[in-house]
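Chemist: quick one, what's the 3D model for this:
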Amino acid sequence: MLRKTTVITAVLAVGWMATSVWCASSAAAESAKRKPGPRKVLVGTLMYNMFHEYPGPKRRLEELGRFIDQMAEEAKSKYPGRQLDIAALPEMAVNGNAKGSAAETSLALEGPVLEAMGAKAREHGCYIAVPLYLVDDRKKDSYSNAVVLLDRQGAVVGTYRKVFPVAGRDQQVLEGGVTPGNEFPVFDCDFGRVGFQICFDISFDEGWEALGRKGAELVIWPTQSPGRIKPAFRAMRNNYFVLTSTWRNNASLLDPTGHRIREITGPDGIFVEQIDLDYVLLTWQPTLKDGKILTEKYGGGVGYRYSRAEDSGIFWSNDASKPIIEMVRELDLEFPADLLNRSRLLHAKFRKGPIEP
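Modeler: As a prediction, the model looks like this:
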């Protein structure tokens, strides 16, 4: 992937108007530590309508456990010899639709929640993103809308606390009394770097941009309110995959070009999809032939999705011995960052005066 090498600056799409606009990512130095090459990751997500009577923590955890079982089974059947890498659950999955204030509905992580979700992580050998209203410090009356990331052994990797909770109209508390978080951590998993945003965070630039700067490769968005265009914009703007997990309408997987590559619609359900976190983004150029030049030389050793509607695509390697970036170099294809830099130099040379603000 571009931002995972020491010699190529990462690029991210910031919009498509008359021409494609790209800019460099500052995450390259951190990501360059990882060896280039295919990194196939199986991600699972859930759409689950919880607008019904809350059954209590025990039954809810059992429900969530069954959904994770379904993800693990789909991973094995769809990708023989593989296992689920990470499971995403919707916002407030553990106590969603419980009635009362944050103080009344929040749960401690230690105890039944960690025991149940940790057991599922160990059973299926996968990371699990567990959203809940979380007790931070009951003595200080401190609660948060959070996602706790568990590793494959069921241990806590870290916690993201929603930085932008909803301010209800005519209310002087946030979401029943939660305290906003104040940081945007990125968590190192054995397959790559993962970040989180939660529901209303979608309306604020700060978190999404911070995760991009910190080298997030997959951002999971647990949310009560669904979205397609908004997370697609965030994925394209910041050059990472976005996986949504929702209560209704759709749960989706967006790639760094902003395209939706898998989704659930209609009734409750799960899906599992493979992504490759070692990829390059390429824009139109005469020799690319909409990507065909790569398959002509490497056959099934390369994969891609190319959009003629956008004159761009995402490309990855299926050959463990040859990273995609080597393929691109061997074919002397131009990276978008190189096109930008070359153009800017000529713009500065020939433009008469500064650009008007």
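
Chemist: so how far is the helix or strand containing D338 from its chain's centroid?
Modeler: Following DSSP states H and E, one finds D338 within helix 336-350. Mean-position distance between helix 336-350 and its chain equals 31 Å (Cα atoms, centre = their mean, to the nearest Å).

Chemist: can we start the residue count at 13 from this point?
Modeler: In the new numbering, first residue 13, that becomes helix 348-362.

Chemist: so how far is L306 from E116?
Modeler: 57 Å (Cβ to Cβ, to the nearest Å). (C-beta placed from N, C-alpha, C; glycine too.)

Chemist: looking at the two, which is more packed in?
Modeler: Applying other Cβ atoms under 10 Å to E116 and L306 shows that L306 carries more neighbours, namely 25 against 12.

Chemist: tell me the secondary structure for that one?
Modeler: helix (DSSP: H, G, I helix; E, B strand; the rest coil).

Chemist: please name the nearest non-neighbouring residue to it.
Modeler: Once flanking residues are discounted, L306 sits nearest to V314: 4.5 Å by Cβ to Cβ, 6 or more residues apart in numbering.

Chemist: who is the one you found paired with across the strands?
Modeler: S329 (DSSP bridges).

Chemist: T57 touches T256, doesn't it?
Modeler: Yes - with contact defined as Cβ atoms under 8 Å, T57 counts as touching T256 (6.9 Å).

Chemist: which residues do these two both contact?
Modeler: A100, A263, L265 (Cβ atoms under 8 Å, 6 or more residues apart in numbering).

Chemist: measure Y91 to G56 for me?
Modeler: 11 Å.

Chemist: of those two, who's got more company?
Modeler: Legend: neighbour count by other Cβ under 10 Å for Y91 and G56, higher for G56 (26 against 15).

Chemist: and that one, what is it in contact with?
Modeler: By Cβ under 8 Å, 6+ apart, the neighbours of G56 are 80, 83-84, 86-87, 96, 98-100, 138, 282-284.

Chemist: got any residues that touch both of Y91 and G56?
Modeler: With Cβ under 8 Å, 6+ apart, Y91 and G56 have common neighbours V284.

Chemist: and after whichever helix or strand F199 is part of, which helix or strand comes next?
Modeler: Counting by DSSP H and E, the element that carries F199 is strand 198-200. Later in the chain than strand 198-200, the nearest helix or strand by DSSP H and E is strand 205-208.

Chemist: thinking again about what came up before, show me what the strand holding F199 is packed up against.
Modeler: strand 205-208 (3 or more Cβ pairs under 8 Å, 6 or more residues apart in numbering; DSSP states H and E).

Chemist: tell me which residues of the helix of greatest length in the chain come out buried.
Modeler: As assigned by DSSP state H, the longest helix anywhere in the chain is helix 69-90. For helix 69-90, a neighbour-count test (16 or more other Cβ atoms under 10 Å) marks 69, 72-73, 76-77, 79-80, 82-84, 86-88 as buried.

Chemist: tell me the domain ranges of this protein?
Modeler: 14-49+291-362, 52-288 (automatic domain parsing).

Chemist: can you give me the helices in the stretch 263-369 of the chain?
Modeler: Applying DSSP state H, counting those that start in this stretch to the stretch 263-369 of the chain gives helices spanning 304-310, 336-342, 348-362.

Chemist: so which of those is the most surrounded?
Modeler: The highest average neighbour count among the helices of the stretch 263-369 of the chain, using mean count of other Cβ atoms under 10 Å, belongs to helix 336-342 at a mean of 19.

Chemist: helices and strands around that one, which ones?
Modeler: Using 3+ Cβ pairs under 8 Å, 6+ apart as the test, helix 336-342 ends up in contact with strand 291-295, helix 304-310, strand 324-329.

Chemist: one more time with 10 Å, if that's ok
Modeler: strand 291-295, helix 304-310, strand 314-319, strand 324-329 (3 or more Cβ pairs under 10 Å, 6 or more residues apart in numbering; DSSP states H and E).

Chemist: what's in contact with that helix?
Modeler: 13-14, 16-17, 19-20, 48-50, 288, 290-292, 294, 300, 305-306, 309-310, 313-316, 326-331, 334-335, 345-347 (Cβ atoms under 10 Å, 6 or more residues apart in numbering).

Chemist: repeat the analysis, applying 7 Å as the threshold.
Modeler: Outside helix 336-342, the residues that touch it by Cβ atoms under 7 Å, 6 or more residues apart in numbering are T17, I20, P48, D290, Y291, V292, L306, Y310, V314, F327, W328, S329.

Chemist: stretch 291-299 - what's its average pLDDT?
Modeler: Here stretch 291-299 scores 97 as its mean pLDDT.

Chemist: ranking the domains of the chain by mean pLDDT, which is last?
Modeler: domain 14-49+291-362 (a mean of 79).

Chemist: what's the longest strand in this structure?
Modeler: Criterion DSSP state E: the longest strand present in the chain is strand 139-149.
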